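Peer 1: generate a structure from the sequence data that follows.
(4 chains)
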There are 4 protein chains.
Amino acid sequence: MKFNVLLLALVLVGQFVNAQGINRGKMDPQTTEVWEPIPPKVNIVDGVPSDAIVLFDGQNLDSWVSTNSGDATWDIIGDAMQVKPQTGGIKTKESFGDCQLHIEWTSPTVIKGEGQGRGNSGIFLMSKYELQVLDSYESRTYSNGQASGIYKQTAPLVNACLPPGEWQTYDIIFKAPIFNDKGVRTHAATITVLHNGVVTQHNTEIWGTTEYMGLPQNNAHGDLPIMLQDHGDLVKYRNIWVRKL
Amino acid sequence: MKFNVLLLALVLVGQFVNAQGINRGKMDPQTTEVWEPIPPKVNIVDGVPSDAIVLFDGQNLDSWVSTNSGDATWDIIGDAMQVKPQTGGIKTKESFGDCQLHIEWTSPTVIKGEGQGRGNSGIFLMSKYELQVLDSYESRTYSNGQASGIYKQTAPLVNACLPPGEWQTYDIIFKAPIFNDKGVRTHAATITVLHNGVVTQHNTEIWGTTEYMGLPQNNAHGDLPIMLQDHGDLVKYRNIWVRKL
Amino acid sequence: MKFNVLLLALVLVGQFVNAQGINRGKMDPQTTEVWEPIPPKVNIVDGVPSDAIVLFDGQNLDSWVSTNSGDATWDIIGDAMQVKPQTGGIKTKESFGDCQLHIEWTSPTVIKGEGQGRGNSGIFLMSKYELQVLDSYESRTYSNGQASGIYKQTAPLVNACLPPGEWQTYDIIFKAPIFNDKGVRTHAATITVLHNGVVTQHNTEIWGTTEYMGLPQNNAHGDLPIMLQDHGDLVKYRNIWVRKL
Amino acid sequence: MKFNVLLLALVLVGQFVNAQGINRGKMDPQTTEVWEPIPPKVNIVDGVPSDAIVLFDGQNLDSWVSTNSGDATWDIIGDAMQVKPQTGGIKTKESFGDCQLHIEWTSPTVIKGEGQGRGNSGIFLMSKYELQVLDSYESRTYSNGQASGIYKQTAPLVNACLPPGEWQTYDIIFKAPIFNDKGVRTHAATITVLHNGVVTQHNTEIWGTTEYMGLPQNNAHGDLPIMLQDHGDLVKYRNIWVRKL
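Peer 2: Predicted coordinates:
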């Protein structure tokens, strides 16, 4: 009877020992359950996660300031904001590091110029790392300068651009670079981008700042605003939200 | 005059040399343009990228076979397929490695059971690495066993589950593990998941196979089918496409 | 002549423009030079880098305390320290995160026991992540529990153990896990190990704490002491230094 | 008594169930043991691992050919080989991908020139990715061009150079880039370097080829020879071995 009880106990915990007394991989299935911590609940209302900070919902530019100085003065047209050329970029009042950023954009239907001259703007994570915004629909420029490219670094895996006038989405997962107390970068920034639902950057390591001229730089910094570029073209943005990761 | 021309030439190429004759970072902006290769164009029709392999569009299960043997016999209901309990899982005829996978699922509105007993299924990348499918809407189970979890490994960052009956999306970016010719894993598999548009796994390293009992295993293998699990619950799937990366 | 000078200037800066006026990759070689910051100079005296913190040089245990309480009381024998069984482990007074750790160890020549019973000790980075120390020379135990293994996680690539009594080296490069302000681990710890000059772990992701029983844990923490384990065997250590990275 | 036996059995397997009947992490310690595969045994004879391919042991250049054409004709002086200026670099007959490379070098004691002009050579992994060899002892050049730098990319963490004439070691762990069948790089190359025992590169991502002029390139390729550069200076190498990883 003692034996039976022992056997019962062993069976109960899913435990079997082989002839050499060595157990190799069998276990109580409960032992690989992890119950804590509990992932926080996120509700999704009209496509916006409940833990997101809404940066622009079509109402106003209250979350933004000009990169020159003072208020953001880009135009609000319908549910979108539009670059106001020559007024400078706009940046969030709040600073961000690791984040998920959802943003929608469209390039002007009145096509002017070629390559970099067509519907050019940009999303600067931490005000330093540019994910290119450009009308790259049936328009050729350098590969690492087209839409969904990490500017002057890494071309997108594919060109998923929609025609001018159509709304396009970027779903961005960004990890900020980390610097130690000596100012040495110990972890590079990385970025994943889905452009209109298609992966165009996948955990791409960002080499440093995305410079127009010269090599990427890597000076230590903390969290910084998200910046949208005024490149002189009438690019529109809408439905912008960010989740801190 | 010679001087002027030299100066002009230098200015033209954006070139400035400091007092020590050392140039530190100024350059012709064209020199950091990369023109080749050209990212392939992808069109998006009804949300499906043109380079995707459609695994299920509501018509039939021609891309699938049963994990038992023979044809896949899950039910087609409307534009969805539904698990047929006790018939076994289904897996793609084609094998995949690195990929982007889009898949939609919904759990039964007739709620039975708790925790793992509620709307349980699973998506097995390479038939080995399970992204959990489960009704985790206001239902508690172990964190690394809930929807969007890498089963018995890594809990999702958040619980982005929708209520039973609502269609939910997984947008998955998966990198296959790489093994050398000695069978040693040199690169772990990684996975990024957006669940209903919210990042729940971000370049998560997959430790090995996702076992019900015991530790992850890492035996060398090549590309393998994607598998959907029959866990006895009436989970439905629809709109499944995959892009090889 | 003007033309010649222009040509000269362009040649001087290594600049060539093709027929379409598009420059693709040629540039002044100086433009990819990065002069700042200047890597700090490290001198190496008797094999010890000048920026290292010497944790043990054979003189005393002043950099250590007992994991029980009070002073470290392990024995000093020659230029080595030896585990004093049943007195508990020892840990550094100072805390460390990212670091390079050099440590030498030897297992007892009087062999007793088998497997885990033979010359067992361990180096716990951050007091939590164990790099196994064990006499694995012609002695079999579980692969993820042998010398150079991340205990109960990842086996070493090879068994580079020397016979008992010979001094062995570990050159360890460790990156600490990073947690965000919600306590979520955003970067896993990684470890690279050269065992007697042979790479045994290469940027291995550490899953979490190295538990004797159960799954790895990942509760947020900051820098912590390095700990050496008392497993009851007369393992000796010497020549221990660490560099903060 | 029945209860006692049950308790005993549970204790034997290290199994405890809490009041809710939920087991959270306790388990038989054997269940996290991984016994297979068994890491292969490596013996170390005179510092050389038994699984290494010796590329140069002071005897001859039989493992090398000239990068121009024909036999390698660098001079053998004592146990070292010395660059023969103007004859071109030398490369291994065998090709390599992932590897651990040990190599020793010394720069000429007759110092001539400054910066890049002093004891310049280089180790090209896969004939494409240069780890700089340079007399950087109390000699200034651009940071990403000094000894232990990934040429024109990433400066070393520290300057661990020894004076001219002293033998210096590089212990290199290199992972080759991986390209998919479309020629897209899916995994960047990485490199870890210990220079005279001090970590100078730690899992550094290599952006692409290390160009003298222009940006890194990333065209698909397989395994390739290791190449040593003739930069016109009388740099010597000795004790070169490589282990395929």
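
Peer 1: now the spatially most central residue of chain A: closest residue in space, sequence neighbours ignored.
Peer 2: Central residue of chain A (Cα atoms, centre = their mean): A:I172, 2.2 Å from the mean position. Spatial nearest neighbour of A:I172, chain neighbours left out: A:L101 (4.3 Å); criterion: Cβ to Cβ, 6 or more residues apart in numbering or on different chains. Heads up, the C-betas are built off the backbone N, CA and C, glycines and all.

Peer 1: and A:Q217, by the same measure?
Peer 2: Using Cβ to Cβ, 6+ apart, the nearest residue to A:Q217 is A:T209, at 4.5 Å.

Peer 1: which parts of chain A sit against chain C?
Peer 2: Residues of chain A lying close to chain C (Cβ under 8 Å from any Cβ of the partner chain) are A:31-32, A:34, A:37, A:98, A:175, A:178, A:180, A:183-184, A:186-187, A:214-215, A:245.

Peer 1: look up how far A:D98 lies from A:T190.
Peer 2: As judged by Cβ to Cβ, to the nearest Å, A:T190 and A:D98 stand 10 Å apart.

Peer 1: A:Q30 - that's part of a helix, no?
Peer 2: Yes - looking at A:Q30 with DSSP: H, G, I helix; E, B strand; the rest coil, it is inside a helix.

Peer 1: quick one: contacts for A:P40?
Peer 2: A:51, B:158-159 (Cβ atoms under 8 Å, 6 or more residues apart in numbering or on different chains).

Peer 1: could you export the residues you listed as a markdown table, including distance to C:G149 and secondary structure?
Peer 2: Formatted as a markdown table, the contacts of A:P40 follow (distance: Cβ to Cβ, whole Å; DSSP: H, G, I helix; E, B strand; the rest coil):
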| residue | distance to C:G149 | secondary structure |
| --- | --- | --- |
| A:D51 | 39 | coil |
| B:V158 | 34 | coil |
| B:N159 | 35 | strand |
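
Peer 1: among these, which one lies nearest to C:N219?
Peer 2: C:N219 lies nearest to B:V158 out of the contacts of A:P40, by Cβ to Cβ, at 18.4 Å.

Peer 1: what's the burial count for the closest one?
Peer 2: 21 (other Cβ atoms under 10 Å in any protein chain shown).

Peer 1: can you tell me the closest non-neighbouring residue to it?
Peer 2: The shortest distance from B:V158 to any non-neighbouring residue, by Cβ to Cβ, 6+ apart, is to A:V42 (4.5 Å).

Peer 1: what's the answer for A:H187, then?
Peer 2: Among residues not flanking A:H187 along the chain, A:I178 sits closest, at 4.0 Å (Cβ to Cβ, 6+ apart).

Peer 1: quick revisit: hang on, the residue nearest to A:Q217 in a strand?
Peer 2: No - A:T209: not assigned to a strand; according to three-state DSSP it is coil.

Peer 1: hang on, isn't it packed against A:L224?
Peer 2: No - applying Cβ atoms under 8 Å as the test, A:T209 and A:L224 come out as separate, 11.4 Å apart.

Peer 1: who's more crowded, the two?
Peer 2: Higher neighbour count among A:T209 and A:L224: A:T209, with 22 against 19, using other Cβ under 10 Å.

Peer 1: contacting residues for the more buried one?
Peer 2: Listed by Cβ under 8 Å, 6+ apart, the contact partners of A:T209 are A:128-129, A:216-218.

Peer 1: how about the nearest residue to A:W207, chain neighbours excluded?
Peer 2: A:W207's closest residue in space is A:P216 (Cβ to Cβ, 6+ apart), at 4.2 Å.

Peer 1: Three-state assignment for the one you found, please.
Peer 2: For A:P216, the assignment made with three-state DSSP gives coil.

Peer 1: A:A188 is in contact with that one, correct?
Peer 2: No - the pair A:P216 and A:A188 fails to qualify as a contact (Cβ under 8 Å) at a distance of 10.0 Å.

Peer 1: what do these two both touch?
Peer 2: Common contact partners of A:P216 and A:A188 (Cβ under 8 Å, 6+ apart): A:206-207.

Peer 1: domain parsing for chain A?
Peer 2: A:2-32, A:44-244 (automatic domain parsing).
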